[in-house]
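[1] Any chance you could fold what I've pasted below:
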Amino acid sequence: MKIIYKVTYPNEKIYVGKDLTDSINYFGSASDTLIAKDFLRENRRDFTVKREILWESESATDAEVNAKEVEFIITLRSNDPEIGYNQRPKVKQ
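    Got it, this is the predicted structure:
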């Protein structure tokens, strides 16, 4: 199963990613540096991160999954630094 997921952090910012293996333990590759800037040391002691599957397919090609991921990033605006942690595609100014 191939999936597109959304991770929501305690500050309500999101990260959209893909997983071509449907691993229950995969939460993406969002930038540690970007996320760390938003949380004080105290906030790191106890927090909850939520992962939701937004889309799934047993038959999509990797290229189709890549396109669907970009579609969700743009639709949810997770590449806008005020909303999320995706760094690509770049927000058009």
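[2] drop to CA atoms for contacts and neighbour counts, all remaining ones
    Fine.
[3] Would you mark the buried spots in stretch 46-58?
    Under the neighbour-count criterion of 16 or more other CA atoms under 10 Å, stretch 46-58 has 51, 56 buried.
[4] what's next to it, contact-wise?
    1-10, 27 (CA atoms under 8 Å, 6 or more residues apart in numbering).
[5] do you know how far Phe39 is from Asp62?
    Taking CA to CA, to the nearest Å as the criterion, Phe39 is separated from Asp62 by 34 Å.
[6] next one: Glu69
    With distances taken as CA to CA, Glu69 is found 10 Å from Asp62.
[7] and those two? which has more neighbours close in?
    In this view Glu69 and Asp62 are compared by other CA atoms under 10 Å, and Glu69 has more residues nearby, 22 against 13.
[8] Next, the buried residues of stretch 78-90.
    By 16+ other CA under 10 Å, the buried positions in stretch 78-90 come out as 78-80, 84-87.
[9] Would you mind checking the contacts of stretch 46-58 for buried ones?
    So, of these, 2-9, 27 end up buried under the neighbour-count rule (16+ other CA under 10 Å).
[10] re earlier: quickly check the contacts of stretch 46-58 for the two that are furthest apart.
    Farthest pair in those (CA to CA) is Met1 and Pro10. Separation: 27.8 Å.
[11] how about the strands in this protein?
    2-8, 14-19, 50-57 (DSSP state E).
[12] Out of those, the one nearest Leu34 is which?
    Nearest of the strands of the chain to Leu34, taken as CA to CA: strand 14-19 at 11.3 Å.
[13] Looking at the closest one now, give me its mean pLDDT.
    Strand 14-19 shows a mean pLDDT of 98.
[14] and if you look at stretch 62-73?
    Taken as a whole, stretch 62-73 has an average pLDDT of 98.
[15] now swap in stretch 78-87 and tell me
    Mean per-residue pLDDT for stretch 78-87: 97.
[16] Could you tell me which residues make contact with Ser59?
    When contacts are counted by CA under 8 Å, 6+ apart, Ser59 is found next to Met1.
[17] Distance check, it against Ile4.
    Ser59 sits 14 Å away from Ile4, going by CA to CA.
[18] by how many degrees do the longest helix belonging to the chain and strand 14-19 diverge?
    The residue-count maximum for a helix in the chain (DSSP state H) belongs to helix 62-76. Here the directions of helix 62-76 and strand 14-19 differ by 170 degrees (axes from the mean of the first three to the mean of the last three CA atoms, to 10 degrees).
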